[in-house]
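A.B. asks: Requesting a structural model of the entry that follows:
(one chain, ligands or ions: 2)
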Amino acid sequence: MSIDVVPDWLDNLLVCVECRGTDLKREEGGFRCFDCGTQYEIVNRVPLFHRPSTMVDAAESLASYLGGLDLLSVQRALSTALRYRLKDPELRGEFSQIVERYPFIDTTEQSARSEPSPDFEVIAHYFNPVFNSAKEAYRSFRIKSNVDYTLKSVGERPFNLSYWLTDASGQRIEGVRSALPIPLHPGRELTVPILIAAPDTAGEYRIQIMLVQEFERWRDDCILYDGPISVVATVPPRPGLVTPPHAGYFDFNEDIARSGKVISLAAEMLRRETGSNELMILEIACGNDPQVLRHNQPGSLVVACDLSFPQAQLGSLRCVKEELTPVQNFCFISADVFNAPFREASFDIIVICAALHHFANITVALDQLRKLLKPRGKLVVLREPGKVAANDPTYIRELENGFNEQQFELDEYDVMFERSKFRPIYQQLDFECSYKAILAT
Ligand SMILES: C[S@@+](CC[C@H](N)C(=O)[O-])C[C@H]1O[C@@H](n2cnc3c(N)ncnc32)[C@H](O)[C@@H]1O
Ligand SMILES: [Zn+2]
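C.D. replies: Ligands and ions are numbered 1, 2, ... in the order given. The predicted structure follows:
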């Protein structure tokens, strides 16, 4: 089998991301949808399954941004930038975000609104209303700013997030402050971990979360959350959470090895339940290093999917070279989890590693994944942040670099899973921060 050929078995899994039709046929260099006519290219053995309307030609838009420079020069600059590296790692710039850093690339169409939008909107949260008395816990809120100035938690009259608690007798308690991890620019979204200090006295309270501009005013005209919370004296320990011993520091290789064990555990469950060794496995947001190929399950067929074309293409080349599994047993694909090119109920196992926490709305992503699982299928979540470290320099740096970095507490994962009708059947926390779970539908 040539390494250029996309394996045949993929065809039975695919749908058109433009019209959701299943009548896709192979033709020279790609696939074509016979329902709506959309064509999908295959580059480096990787089908590119994006809606044509969502793709822009990077070189063309760069050329127009740079003031009509000739296209050829821009194409050469782009390909050169990706082609060479410097030997000294200290001198290496990052390359993955080159194009995204240019302001022109933001092609999101603002839909015309008839009503004026509120100054600040909540896009997503996974608010778990149970708190342990006298303890602090984070709850993350993704906020969109519709004001025309930048919100910052530094400088004169900074913005913070805070809240008021009201107890059963009507007495109000002012909340602690949480800073925005990075400035929030007009029209943009940011997920902010909000620290909540639960009162010493157990009981029912009401919480109202809002922005506060210090020395200025509380934005109580724009309340981000208003609802009851339960403060309990002792939150019972999380049933069944496995916390393997560790040496007190984060060991990356060990964390990867443990991820492999969780994949094997899920595969073992499925083999037992279905009596079959032939598992159909999908890894979503796999980057160039899918865990399911590192920890290959013999007899399985694997689709490795990432939004980014270069990641998927590098991953494909790498896995062909590393021969982790026969080349006809896996295929990389470049697609968006929110419009994935797969038929419903196609997979026994779906794995997601270090990526769930990057999605703007995790419940929506989980809903999509649930549809792709077969009835007894399992979703395996690996290496997600299981503890909020709001001042962690890596977290701040990634946000500054344009990544949608987010962190969650285990109590928030409970809410995400419950909303998406997933049931955790195995949970593990490694190094006190790296969360792993097997979820059933
Ligand atoms: C932190 S990386 C993790 C990559 C890999 N799983 C690993 O563990 O090294 C997050 C990945 O999510 C991918 N991603 C982000 N949004 C996505 C989406 N909507 N659909 C598919 N993949 C997405 C990114 O391209 C990126 O490769
Ligand atoms: Zn179509």
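A.B. asks: can we go C-alpha only for contacts and neighbour counts from here?
C.D. replies: Will do.
A.B. asks: Look at residue 359 and report its pLDDT.
C.D. replies: On the pLDDT scale, residue 359 is placed at 95.
A.B. asks: do the same with the one 4 residues further on
C.D. replies: Each residue has a pLDDT score; the one for residue 363 is 97.
A.B. asks: Quick check: which element contains it?
C.D. replies: Secondary structure assignment for residue 363, by DSSP states H and E: helix 362-372.
A.B. asks: Give me the buried stretch members for that helix, please.
C.D. replies: The neighbour-count check on helix 362-372 (16 or more other C-alpha atoms under 10 Å) flags 362, 363, 364, 365, 366, 367, 368, 369, 370, 371, 372 as buried.
A.B. asks: State the pLDDT value of the residue lying farthest from the centre of the chain.
C.D. replies: Distance from the centre of the chain peaks at residue 169, with 41.4 Å (C-alpha atoms, centre = their mean). The score at residue 169 is 96. That number is its pLDDT.
A.B. asks: Contact residues of the stretch 151-300 of the chain facing ligand 2?
C.D. replies: For the stretch 151-300 of the chain, no residue is in contact with ligand 2 (C-alpha under 5 Å from the ion).
A.B. asks: mind listing the helices for the stretch 151-300 of the chain?
C.D. replies: Assigned by DSSP state H, counting those that start in this stretch, the helices in the stretch 151-300 of the chain fall at 252-274, 291-294.
A.B. asks: Next one: the last one, is it in contact with ligand 1?
C.D. replies: No: applying C-alpha under 6 Å from any ligand atom, one finds helix 291-294 out of contact with ligand 1, separated by at least 7.2 Å.
A.B. asks: Could you export that helix as PDB, CA atoms only?
C.D. replies: In PDB, the C-alpha atoms belonging to helix 291-294 read as follows (Å, rounded to 0.1, in the frame of the first residue of the first chain):
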ATOM      1  CA  GLN A 291      -2.200   9.200  21.900                       C
ATOM      2  CA  VAL A 292      -4.200   6.400  20.200                       C
ATOM      3  CA  LEU A 293      -1.300   5.800  17.800                       C
ATOM      4  CA  ARG A 294       1.400   6.000  20.500                       C
END
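A.B. asks: Which residues does it contact?
C.D. replies: Here helix 291-294 makes contact (C-alpha atoms under 8 Å, 6 or more residues apart in numbering) with 259, 260, 263, 281, 283, 302, 319, 324, 325, 351, 353.
A.B. asks: Just give the number of residues close to the closest residue to the first one other than its chain neighbours.
C.D. replies: Spatial nearest neighbour of residue 259, excluding adjacent residues (C-alpha to C-alpha, 6 or more residues apart in numbering): residue 382 at 6.2 Å. The burial count assigned to residue 382 is 28, neighbours taken as other C-alpha atoms under 10 Å.
A.B. asks: any idea how far ligand 1 is from residue 63?
C.D. replies: Remark: distance between residue 63 and ligand 1 (C-alpha to the nearest ligand atom, to the nearest Å) = 24 Å.
A.B. asks: That residue: what's it in contact with?
C.D. replies: 69, 70, 71, 74.
A.B. asks: Now do the third one against ligand 2, distance only.
C.D. replies: I take that to be residue 71. Residue 71 is 31 Å from ligand 2, where distance means C-alpha to the ion, to the nearest Å.
A.B. asks: Leaving out chain neighbours, which residue sits closest to that residue?
C.D. replies: Per C-alpha to C-alpha, 6+ apart, closest to residue 71 is residue 63, 5.9 Å.
A.B. asks: And whatever residue of the stretch 51-200 of the chain ends up closest to ligand 2, its phi and psi?
C.D. replies: Closest to ligand 2 within the stretch 51-200 of the chain is residue 51: 9.6 Å, counting by C-alpha to the ion. Backbone torsions of residue 51, given as degrees, to the nearest 10, read phi -60, psi 130.
A.B. asks: Count the residues that sit near it.
C.D. replies: Residue 51 has 17 neighbours, counted by other C-alpha under 10 Å.
A.B. asks: per-residue pLDDT, it?
C.D. replies: The model reports residue 51 with a pLDDT of 95.
A.B. asks: any idea how far the nearest residue to residue 101 once chain neighbours are set aside lies from ligand 2?
C.D. replies: Nearest non-adjacent residue to residue 101, counting by C-alpha to C-alpha, 6+ apart: residue 402, 7.9 Å away. Between residue 402 and ligand 2 the computed distance is 32 Å (C-alpha to the ion).
A.B. asks: cool, and residue 6?
C.D. replies: The value you get for residue 6 to ligand 2, if C-alpha to the ion is used, is 20 Å.
A.B. asks: Surely that residue touches residue 48?
C.D. replies: No: using C-alpha atoms under 8 Å as the test, residue 6 is too far from residue 48 to be in contact (11.9 Å).
A.B. asks: Which positions in the stretch 1-150 of the chain make contact with ligand 2?
C.D. replies: Looking at ligand 2, the residues of the stretch 1-150 of the chain close enough under C-alpha under 5 Å from the ion are 16, 19, 33, 35, 36.
A.B. asks: Tell me if the helix or strand hosting the residue nearest to residue 259 is near ligand 1.
C.D. replies: Element membership for residue 382 (DSSP H and E) is strand 373-385. No: using C-alpha under 6 Å from any ligand atom, strand 373-385 never reaches ligand 1; the gap is at least 7.5 Å.
A.B. asks: and that strand with helix 252-274, angle?
C.D. replies: If you take axes from the mean of the first three to the mean of the last three C-alpha atoms, to 10 degrees, strand 373-385 sits at 160 degrees to helix 252-274.
A.B. asks: Count the neighbours of residue 393 for me.
C.D. replies: Per other C-alpha under 10 Å, the neighbour tally for residue 393 reads 10.
A.B. asks: if I pick it, what's in contact with it?
C.D. replies: Counting by C-alpha under 8 Å, 6+ apart, there are no residues that residue 393 touches.
A.B. asks: rewinding a little: which pLDDT does the model give the residue nearest to residue 259?
C.D. replies: The model reports residue 382 with a pLDDT of 98.
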